[in-house]
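> Quick one: sequence plus predicted model below, questions after.
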Amino acid sequence: MSRIGRLPIDIPAGVSVSVDGQTVAVKGPKGELALVVAEPIQAKVEENQVLVTRPDDERESRALHGLIRTLIANNIVGVTQGYSKGLEVVGTGYRVQAKGSNVEFALGYSHPITVEPPAGISFAVEGNNKLTVSGIDKQAVGEVAANIRKLRKPEPYKGKGVRYAGEIVRRKAGKSGK
């Protein structure tokens with residue numbers, strides 16, 4: 001039995017979870033999220049808890065059991081607390097600034113790069129080199145942060161670029177002189 005999949009998920013006050021066939025809808029103070037549960041796995045709400053069960057011990061069922069339980073738990077955390085990911089812009093002349101709900105990056109290219117937040121995601125700029133991506137969907141927050149980091153990955157010689165907050169960039173020794 002999956003050690004994670006068999007654990008019940010407690011539903012906090014102010015959150016409602018409804019199961020309609022294979023769709024699990026979670027509604028909370030920050031918004032609402034829905035998840036379509038993969039076919040062999042079943043989810044049900046009992047006594048203020050969500051239980052995830054699997055019908056058999058097939059390989060696919062075992063693989064999905066813990067995953068589905070974790071995705072439902074992530075949705076519950078998302079609608080109560082939300083998720084955020086910090087980014088830092090490091091480098092001489094590299095900066096980020098807010099332009100309404102969008103953000104504009106100067107990353108050493110010949111042009112500034114403007115990034116628009118997708119639905120459900122918001123940006124917060126602190127100073128001219130820190131950015132926080134936040135929202136209720138863990139996957140969307142991580143994907144937006146990864147796409148922004150992709151604009152200019154941290155390079156190993158000087159460490160310049162966009163990195164996650166707290167990320168350690170492994171440095172290489174450059175060319176040595178004579």
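Structure received. Keep in mind that this is a model prediction, so the values were computed, not measured.
> where exactly do the helices run in the chain?
Remark: helices assigned in the chain by DSSP state H are 59-80, 138-150.
> of all those, which lies closest to Leu51?
Closest approach to Leu51 among the helices of the chain is made by helix 59-80 (9.0 Å; C-beta to C-beta). C-betas here are computed from N, CA, C, even on glycine.
> Buried residues of that closest one, list them for me.
61, 64-66, 68-80 (16 or more other C-beta atoms under 10 Å).
> ditto for stretch 97-107
By neighbour count on 16+ other C-beta under 10 Å, the buried set for stretch 97-107 is Val103, Phe105, Ala106, Leu107.
> Could you pick out the longest strand of this structure?
Counting residues, the longest strand found in the chain (DSSP state E) is strand 83-90.
> what packs against that strand?
In terms of contacts (3 or more C-beta pairs under 8 Å, 6 or more residues apart in numbering; DSSP states H and E), strand 83-90 is packed against strand 130-135, helix 138-150, strand 161-164.
> got any ranges where the chain has weak pLDDT?
Within the chain, the ranges that satisfy pLDDT under 70 run 1-2, 177-178.
> Give me the neighbour count for Gly161.
By the measure other C-beta atoms under 10 Å, the count of residues near Gly161 is 21.
> Also the one 10 residues further on?
Residues lying near Arg171 (other C-beta under 10 Å) number 12.
> Contact partners for it?
Arg171 makes contacts with Pro156, Tyr157, Gly159, as judged by C-beta atoms under 8 Å, 6 or more residues apart in numbering.
> Let me have the residues you listed in CSV, extended by distance to Val115.
Shown next, in CSV, are the contacts of Arg171 (distance: C-beta to C-beta, whole Å):
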residue, distance to Val115
Pro156, 24
Tyr157, 26
Gly159, 22
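> Can you tell me which of these is nearest Gly91?
The nearest one, if we look at these relative to Gly91 and count by C-beta to C-beta, is Gly159, at 8.0 Å.
> This completes my enquiry, with thanks.
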